[in-house]
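Student: Sequence below, structure please.
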Amino acid sequence: MITDTHTHAETVSQQLKQRIRLLVEGSREHRVPADAFAALAIEVFQHQAAHNALYARYLELLNVDPASVHTVEAIPFLPIELFKHHSIRTGQWLPVRVFTSSGTTGQQASQHLLKDPEWYRWSARMGFSWQYGRPVEEFCFLALLPSYLEREGSSLVAMMADFIEASRYAQSGFYLHQTEALLETLHSCRQQQIPTVLLGVSFALLDLAEAAPIDLSGIIIMETGGMKGRRAEITREELHRRLCQAFQVSCIHSEYGMTELLSQAYAQQYGLFRPSPTMAVLCREATDPFQWQTPGHSGALNIIDLANVDTVSFIATDDLGKVHPDGLFEVLGRLDYSDIRGCNLMVE
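Tutor: So this is what the prediction gives:
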């Protein structure tokens, strides 16, 4: 019986991945129909409610009967803190890789188990190509990620390593402390008009801007993460202002992702993030996790990540933000005391 259940869960998982892929690749004008996304989300929910022991227990504690859930708004979202205390998976399988968060001093790191590397690669590459209109192969990627490279298990490093490997340009690569080499590569890419993305953690981009201001017009400069304790925190607006001035560009792009997600969102200007087509962002009341916030008003962000078929696709994050009627969203900060919030599962 256990074998039959496991086989059924595996079959459903593969079927869902195929349907998600067909939905995304068959959509036109970079727009996944909302009703089709919602219908798939409900199916993923039913699958995870049946085959994810942790999520099933969470639904039980909330007295939610999965059979009664017929809309996205009725789906309970799992607190993101549980990724710090549980190995979350739907079905029975062994991870081929474990992504871990950097965490902060005194806090336990989150972990996200990866079952299917090829599915992750498809999701990440598709999400970037969807946003920027061409395959990752056609970009040169320069990664300035010192705080991520200095530890194990970063999903961001894994994604960039894949993009770099896929790129047709030999100049693609990681840069840790090779400032001169990075500047030379940037200058060369600009002179040759190579489509180039300089992705950097915020403090490293600021360090570069102050040490070597340079004309990078035509280069996509993309920030991700925060100051990681290396510099004083500043607003995204101030960060972008300083970088635009130093690098002589009109706007700074941003990447939004996290250990607990396989999908990403990108902002091409003004900090307005567009989710990957496998991703949807909703906003809840900051003080009531089961009350939805009005579009355009700030609250805490809930994320649907259909790419998380093998773990859990419905996550209540600790990010504060604002979701606009067109589906774009902003990230405004973090909830306070997030580590002591949660549910009985954290006690168990």
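Student: Show me the helices in the stretch 1-150 of the chain, by range?
Tutor: Secondary structure of the stretch 1-150 of the chain (DSSP state H, counting those that start in this stretch): helices at 2-26, 34-51, 53-61, 117-132, 146-149.
Student: Run through the residues that contact Val281.
Tutor: Residues near Val281 by Cβ atoms under 8 Å, 6 or more residues apart in numbering: Ala265, Phe273, Pro275, Leu301, Asn302, Ile303, Ile304, Gly321, Val323, Gly327, Phe329. Bear in mind the C-beta positions are built from the backbone N, C-alpha and C, glycine included.
Student: err, Thr235, not the other one
Tutor: Contacts here follow Cβ under 8 Å, 6+ apart; on that basis Thr235 touches nothing.
Student: Same check on Ser147?
Tutor: Counting by Cβ under 8 Å, 6+ apart, Ser147 makes contact with Ser102, Val201, Phe203, Ala204, Gly225, Lys228, Arg230.
Student: how near is the residue nearest the centre of the chain to Tyr266?
Tutor: The centroid of the chain falls nearest to Gly257 when counting by Cα atoms, centre = their mean (2.4 Å). Distance, Gly257 to Tyr266, by Cβ to Cβ, to the nearest Å: 9 Å.
Student: What of Leu332?
Tutor: Taking Cβ to Cβ as the measure, Leu332 falls 18 Å from Tyr266.
Student: Please identify which of those two sits among more neighbours.
Tutor: Tyr266 (22 against 15; other Cβ atoms under 10 Å).
Student: residues in contact with the more buried one?
Tutor: Tyr266 neighbours (Cβ under 8 Å, 6+ apart): Gly127, Phe128, Gln131, Tyr132, Met222, His253, Ser254, Glu255, Tyr256, Phe273, Arg274.
Student: As a markdown table, those with neighbour count and distance to Ala181 would be great.
Tutor: Compiled in a markdown table, the contacts of Tyr266 are given as follows (neighbours: other Cβ atoms under 10 Å; distance: Cβ to Cβ, whole Å):
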| residue | neighbour count | distance to Ala181 |
| --- | --- | --- |
| Gly127 | 27 | 29 |
| Phe128 | 21 | 24 |
| Gln131 | 20 | 28 |
| Tyr132 | 17 | 25 |
| Met222 | 20 | 19 |
| His253 | 21 | 23 |
| Ser254 | 24 | 25 |
| Glu255 | 21 | 23 |
| Tyr256 | 26 | 28 |
| Phe273 | 23 | 31 |
| Arg274 | 20 | 32 |
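Student: So which of those is the closest to Gln171?
Tutor: Comparing the contacts of Tyr266 against Gln171 with Cβ to Cβ places Met222 closest, at 16.5 Å.
Student: Please name the nearest non-neighbouring residue to that closest one.
Tutor: Sequence neighbours aside, His253 is the residue nearest to Met222 in space, at 4.1 Å (criterion: Cβ to Cβ, 6 or more residues apart in numbering).
Student: That neighbour and Thr11: what is the separation?
Tutor: The gap separating His253 from Thr11 is 39 Å, by Cβ to Cβ.
Student: Next: Leu82.
Tutor: Noted for Leu82: a distance of 27 Å to Thr11, by Cβ to Cβ.
Student: More neighbours: which of these two?
Tutor: Leu82 (21 against 11).
Student: Surely the more buried one touches Leu54?
Tutor: Yes: if you go by Cβ atoms under 8 Å, Leu82 and Leu54 touch, sitting 6.9 Å apart.
Student: Strands of the stretch 151-300 of the chain, start to end?
Tutor: All strands of the stretch 151-300 of the chain, identified by DSSP state E, counting those that start in this stretch, fall at 173-174, 196-201, 220-224, 253-256, 265-267, 274-275, 279-285, 288-292, 298-305.
Student: Which members of the contacts of Tyr266 are the farthest-apart pair?
Tutor: Among the contacts of Tyr266, the pair separated by the greatest distance (Cβ to Cβ) is Tyr132 and Tyr256, at 14.8 Å.
Student: what residues does the longest strand along the chain touch?
Tutor: Across the chain, the longest stretch assigned as strand under DSSP state E is strand 314-323. Strand 314-323 is contacted from outside by 45, 48, 75-81, 258, 260-261, 281-284, 286, 289, 293, 295-305, 308, 329-335, 338, 341, using Cβ under 8 Å, 6+ apart.
Student: Give me the angle between that strand and strand 279-285.
Tutor: Relative orientation of strand 314-323 and strand 279-285, computed by axes from the mean of the first three to the mean of the last three Cα atoms, to 10 degrees: 80 degrees.
Student: picking up where we left off before, contacts only, for the residue nearest to Met222.
Tutor: Per Cβ under 8 Å, 6+ apart, neighbours of His253: Ile220, Ile221, Met222, Glu223, Tyr266, Ala267, Gln268, Gln269.
Student: Which of those are buried? Put it as a PyMOL command.
Tutor: Buried residues among these (16 or more other Cβ atoms under 10 Å), as a PyMOL selection:
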select buried, resi 220+221+222+223+266+267
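Student: now, which of the contacts of His253 sits nearest Leu59?
Tutor: The closest of those to Leu59 turns out to be Tyr266 (Cβ to Cβ; 32.3 Å).
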